[in-house]
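# Just need the structure, nothing else, for what follows:
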Amino acid sequence: ATTTMAHARAHYATAFAGAHRTRARTARRVGWCVTEAKMHVPSDCFQGMSPEVKASQALKNLFTMVAVRVVLAQEEGYDNEGAGTELSKALANFLHENPLRDGNEWLRKMFSHEDTEMRLLALRLLEVRKAYADGEFDFESVQRVAVEELTKDNDQLMSDYVKRSMGA
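Numbers count the residues shown, from 1 in each chain. I've put the predicted structure just below:
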C-alpha cells in the first residue's frame, strides 16, 4: 500500500506539473488572466459570484443553524424536566415546518410570524449568529482542516485510481 501511495503521489505530481505547463501555455495563447498568485475562476461559475462569496453564503447559513441550535440548547436547559420551554417547542416546530436552507429567508419568515415571541426570537437569533461569527468561529481552522481533508481525499482518490489502473 505504501509503494502504491508513493507511486500515486509521483504520478499525480507529474500529471499536475504537465497540466500546469499546458494550462500556462494555453492561457497565454487565448488571453486568459493567469498569474502565479491567483487562479482564474470563470465568473459564471456561481451566478457571477466569486468562490469566496459563495462560501460566505454557505457559512452564513451555517451560522444561522448554529444560532438555532444554541438557542434551542439554552431554552431546553432552562427546563429541568427535559420537556423544553414553550419557546424551544415553538422554535423546533418552526424549524420542522420551515427547513433552514437559506438563513436570511428563514429569518424573514420568522420576522413575519404573527406571534410577537417568534419575532423577538428572530432578533435573538440574529444576535447569536453575529456573536458566533465574530467571536467563536475559527476561520483559520476551517482553512487548515479543509486543505488537510482535501489533500487526504486527493491522495485516496489517486491511490484508488492507480490501483484500478494497475488491475489490482
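# buried sites along the host helix or strand of V68?
Using DSSP states H and E, V68 maps to helix 51-77. Residues of helix 51-77 classed as buried by neighbour count (16 or more other Cβ atoms under 10 Å): 59, 61-64, 66-68, 70-72, 75-76. C-beta: built from backbone N, CA, C; applies to glycine.
# which non-adjacent residue is nearest A90?
If the residues on either side of it in the chain are set aside, A90 comes closest to M118, at 6.3 Å by Cβ to Cβ, 6 or more residues apart in numbering.
# Near that neighbour, how many other residues are there?
17 (other Cβ atoms under 10 Å).
# Check whether it really touches M110, as I assumed.
Yes: with contact defined as Cβ atoms under 8 Å, M118 counts as touching M110 (5.7 Å).
# which neighbours do those two share?
Residues within reach of M118 and of M110 at once, by Cβ atoms under 8 Å, 6 or more residues apart in numbering, are F94.
# Which pair in the buried residues of helix 51-77 has the greatest spatial separation?
L59 and E76 (25.3 Å; Cβ to Cβ).
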